[in-house]
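>>> Return a 3D structure for these sequence lines:
(one chain, ligands or ions: 2)
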Amino acid sequence: MTANPSAAAPEAPTLPPATILGYPRIGRRRELKRAIEAFWKGASSEAQLQDTARELRAATRARLVELGLPAAGGAVPESFSFYDQVLDATIALGAIPHRFAGAVADAAGSDLAVLFALARGDKDHQPLEMTKWFDTNYHYSVPEFDERTPLAANPAALVAQVTEARAQGIESRPVLVGPVTYLLLAKASAEAGEGFRPLDRLDEVVAVYAELLAALAAAGASWVQLDEPALVSDSLPVPRAEVLKLVERAYATLGGTARGTARPAILLTAPYGDSSQALARLGALPVEAVHADLVRGSLPESALADGTLATAYAGTQLIAGVVDGRNIWRTDLRAALATATRLHDAGIATGIGTSNSLQHVPHDVADETQLDARLRSWLAFADQKVEQVAILARGLEDGTAAVEAELAAADAVLADRAAAPGVRDGAVRERAAGVTEADRSRAAEAERREAQRGLEIPQLATTTIGSFPQTTEIRKARAAFTRGEIDQDAYDGFLRAEIERVIRLQEEIGLDVLVHGEAERNDMVQYFAELLDGFAVTEHGWVQSYGTRATRPSILWGDVSRPAPMTVAWSSYAQSLTERPVKGMLTGPVTILAWSFVRDDQPLADTAEQVALALRDEIDDLVEAGISIVQVDEPALRELLPLDADRQADYLDWSVGSFRLATSGAANEVQIHTHLCYSEFGEIIDAVDGLDADVTSIEAARSRMDVVAPLGDHGYSRGIGPGVYDIHSPRVPSVDEQAELIRIAAARIPGEQLWVNPDCGLKTRGYEETVASLTNLVQAARTVRGA
Ligand code: GLN
Ligand code: ZN
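Ligands and ions are numbered 1, 2, ... in the order given. Down below sits the predicted model:
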């Protein structure tokens, strides 16, 4: 082993060898959600909410120490958030957009009131826009910047956490989104001048971060964590090489001040992807520790071999993110330890960490008492991951032999998983191996169009995206059925009555292509996970999606197959009630993968293929039962796009391929629709075209049809349904408003290609505004048709 070069700089502090980047903050039983929602309803005071939050933070710190993170030295991160970590940074920077000045005045000095006003809006303000955080299903509130956006350090919340922890005997590490990532995720406000970029204000923002760091040092924080996932993404407004330069500029300033008095030691993290190209340069920055995601990313082999990496890290610690913070599988501890040991043996001061914050996994496997015991033994949620980090840290410090028993136990788990029935199903594999290119293609577009004339679909046909409002009655019936208070017959009867109601309603409104309303679905992925083999569902496996919203991803653990039809009974019942076509409604393979925890023992492409084959059979059965239009939703197609440009082509190839495999068994007469939830698909426009769906609906109302022009320019020749009714707001759009949007679209796309539909999400709305808005939508389509 070479000498540890960090010995040459004895004054550089190091983090304890075990740490994590963050922990779930919603509470084991979603206590924070309940407390916040009670406060919103006026059922509790701000002081009560702050008490609950404080208790939750204290319980989290104590739990992390109990699970093996050292209480001293900054190993325990402060990753609490009332809503979202990007929004927290907005508050800490005092970067409140001018348009919220009234809300700030109303808040009367309460940061929490300002935070909720930004997040949720109020009667006078649209909330900040929300969008997905890197390639996750977590959403953040997009900062709005212009030349005049105020900036003033507001360290109160961060300092309070440090102080609370100290009172508890724990020296914790505050966490903040770093300045470069923060500004790269911001957008120019409506008031910004031509050509303004939020990044233009980087130096000013860095100066405010410096003030925040000074306040933390004064409060006694020995460490601070600054997250810069922008370092791993090729999907940001500036190229990745430029991001690295910006990070160098920002941290030269932030790290350039005296540690201890002007700032805590800095841990700079690069979660969610591969930072190997940047790693040596990050080590040369005046920060005390750098984190690399070594699950999604890799080690820079040549810099490691030629000693450049060790030289760059003299006096800087490297936190090896070897425990996966994105999935729920127990770690291959031996492999993880080997990776970290290579760094250690190269003379780099190495610590063990998670690949990213554990906010993306549920709390504790021990809560899942209903899961099959064998499956459960393979799983690691946040608490188990913390224990794994602690084991690996011990192995790194004391040598492999010290943790041999734990490594052997992890080996046994992996071996058990590999050999368990259902993980590999011979029939499923044989069928997947026999798939040919012909299975992924339908007849030429023109031929299909001709064959589909029999559907008698008018120009500017009106339809919806699938769900109808999920009323309290529906939720109550589902809960009663789950608890066993009503039996299957009673529940089915309830759902049939609901379907009939929704069909009659659509006929009255005058829609052309109907839907059954999805009342039977708790969730568009979980519904299928419960009916497919190879999946399991959890009881308490909640993961924050945004604010107080959480989802419970299913666990895709084995080979996927379809023991029986999943949607046919509901769709064919709906079709039996009406002369108009009813769309069959399925969730596509990519979305099923994206919103589940997926097995990590084979490529995602292979798993997608299995799901696609199950859906292909479902489409066959739907058609057999008299359904002539099938919609396969792929709202997550863009979300799973790798951050790394080098990996995107492969992803687009298999994701599009899986959609085509699912849908290409349909005869020419069958019209295949898809729905994509967003309008920003410039990057993947070829892939959208490649799906080869007969009709694609997209979100467009808020952007006033911005998305239509690029599709037109691209020469997109099949059906398009840009949303004309913004479903995110309870406001009822008038006939004129919707007609205007249809005309904008019709100016760019030939009328025979154009469909008229709302954006997606009717299930979150109430009936009153839904009926009024859809009635106007149908009228708007008629007006434009008549013109
Ligand atoms: N069919 C689904 C619905 O209308 C689509 C939802 C989505 O794409 N997010 O609810
Ligand atoms: Zn959608």
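>>> Buried residues in the helix or strand hosting residue 623, which are they?
With elements taken from DSSP states H and E, the one containing residue 623 is helix 604-624. In terms of neighbour count (16 or more other Cβ atoms under 10 Å), helix 604-624 has its buried residues at 604, 607-616, 618-623. Heads up, the C-betas are built off the backbone N, CA and C, glycines and all.
>>> of all the residues in this protein, which ones are close to ligand 2?
When proximity is defined as Cβ under 5 Å from the ion, the chain approaches ligand 2 at 635, 677, 760.
>>> mind checking how far the second one is from residue 594?
Per Cβ to Cβ, to the nearest Å, residue 677 is found 11 Å from residue 594.
>>> Quick check: PyMOL command selecting the buried ones in the residues of the chain next to ligand 2.
If you want just the buried ones from these in PyMOL, going by 16+ other Cβ under 10 Å, the selection is:
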select buried, resi 635+677+760
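>>> Relative to residue 391, which of the residues of the chain next to ligand 2 is nearest.
Nearest to residue 391 among these: residue 635, at 38.3 Å, using Cβ to Cβ.
>>> residues in contact with the spatially closest residue to the closest one that is not a sequence neighbour?
In space, and not counting its chain neighbours, residue 635 is closest to residue 677: 3.5 Å by Cβ to Cβ, 6 or more residues apart in numbering. Residue 677 sits next to 635-636, 699, 760 when contact means Cβ atoms under 8 Å, 6 or more residues apart in numbering.
>>> and if you look at residue 457?
Taking Cβ under 8 Å, 6+ apart, one finds 512-513, 581, 671 in contact with residue 457.
>>> Narrow those residues to those in helices?
Among the contacts of residue 457, no residue falls in helices (DSSP state H).
>>> What strand or helix carries whichever residue of the stretch 151-300 of the chain sits closest to ligand 2?
Nearest residue of the stretch 151-300 of the chain to ligand 2: residue 235, at 19.9 Å (Cβ to the ion). Residue 235 is part of no helix or strand when elements are defined by DSSP H and E.
>>> ok, now which ones touch the residue nearest the centre of the chain?
The residue lying closest to the centre of the chain (Cα atoms, centre = their mean) is residue 137, at 1.0 Å. Contact analysis of residue 137 by Cβ under 8 Å, 6+ apart lists 543, 545, 551, 594-595, 636, 639.
>>> Apply the buried test to the residues you listed and list what passes.
Of the contacts of residue 137, these count as buried by 16+ other Cβ under 10 Å: 543, 545, 594-595, 636, 639.
>>> The spatially closest residue to residue 326 that is not a sequence neighbour: neighbour count?
Spatial nearest neighbour of residue 326, excluding adjacent residues (Cβ to Cβ, 6+ apart): residue 360 at 5.6 Å. Residue 360 has 25 neighbouring residues, counting by other Cβ atoms under 10 Å.
>>> just residue 210 next, same as before
With other Cβ under 10 Å as criterion, residue 210 counts 19.
>>> secondary structure element for it?
Using DSSP H and E, residue 210 falls in helix 202-218.
>>> List the contacts of that helix.
By Cβ under 8 Å, 6+ apart, helix 202-218 touches 92-95, 151-153, 155, 158-159, 162, 174, 176, 178-180, 182-183, 224, 226, 246, 249-250, 253-254, 257, 260-264, 266.
>>> Look at the residue in the stretch 1-150 of the chain that ligand 1 sits nearest to and report its pLDDT.
Taking Cβ to the nearest ligand atom, ligand 1 has its nearest neighbour within the stretch 1-150 of the chain at residue 137, 11.2 Å off. pLDDT, residue 137: 92.
>>> Against residue 543, how distant is it?
8 Å.
>>> got any residues that touch both of the two?
With Cβ under 8 Å, 6+ apart, residue 137 and residue 543 have common neighbours residue 551.
>>> The stretch 501-650 of the chain against ligand 1: which residues are in contact?
Within the stretch 501-650 of the chain, the positions near ligand 1 by Cβ under 6 Å from any ligand atom are 518, 524, 585, 633, 635.
>>> element containing the second one, please.
Just to be clear, that refers to residue 524. Using DSSP H and E, no helix or strand contains residue 524.
>>> so who does it touch?
Per Cβ under 8 Å, 6+ apart, neighbours of residue 524: 518, 587, 591, 633.
>>> got the residues of the stretch 351-500 of the chain near ligand 1?
465-467.
>>> all helices of the stretch 51-200 of the chain, in order?
85-93, 101-107, 111-120, 156-167, 179-185 (DSSP state H, counting those that start in this stretch).
>>> Likewise for the stretch 501-650 of the chain?
526-531, 568-576, 589-594, 604-624, 648-663.
>>> Against residue 618, how distant is the residue of the stretch 351-500 of the chain found nearest ligand 1?
Residue of the stretch 351-500 of the chain nearest ligand 1, by Cβ to the nearest ligand atom: residue 466 (2.7 Å). Distance, residue 466 to residue 618, by Cβ to Cβ: 15 Å.
>>> And residue 292, by the same measure?
In terms of Cβ to Cβ, residue 292 sits 42 Å off from residue 618.
>>> One more: residue 140?
35 Å.
>>> likewise residue 665?
10 Å.
>>> do residue 382 as well
Counting by Cβ to Cβ, the gap from residue 382 to residue 618 is 35 Å.
>>> all strands of the stretch 451-600 of the chain, in order?
461-462, 533-536, 543-546, 549-551, 554-561, 583-587, 596-598 (DSSP state E, counting those that start in this stretch).
>>> So which elements touch the fourth one?
With contacts defined as 3 or more Cβ pairs under 8 Å, 6 or more residues apart in numbering; DSSP states H and E, the packing partners of strand 549-551 are strand 543-546.
>>> And the strands in the stretch 601-750 of the chain, which stretches?
Going by DSSP E, counting those that start in this stretch, the stretch 601-750 of the chain shows strands at 629-633, 671-676, 695-698, 719-722.
>>> before we move on, the earlier item: pLDDT for the contacts of residue 137 - can I get that in a markdown table?
Output for the contacts of residue 137, formatted as a markdown table (pLDDT from 0 to 100):
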| residue | pLDDT |
| --- | --- |
| 543 | 97 |
| 545 | 93 |
| 551 | 94 |
| 594 | 96 |
| 595 | 96 |
| 636 | 94 |
| 639 | 90 |
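>>> Among the residues you listed, which one sits closest to ligand 1?
residue 636 (8.6 Å).
>>> Can you tell me the closest non-neighbouring residue to that closest one?
Nearest non-adjacent residue to residue 636, counting by Cβ to Cβ, 6+ apart: residue 594, 3.6 Å away.
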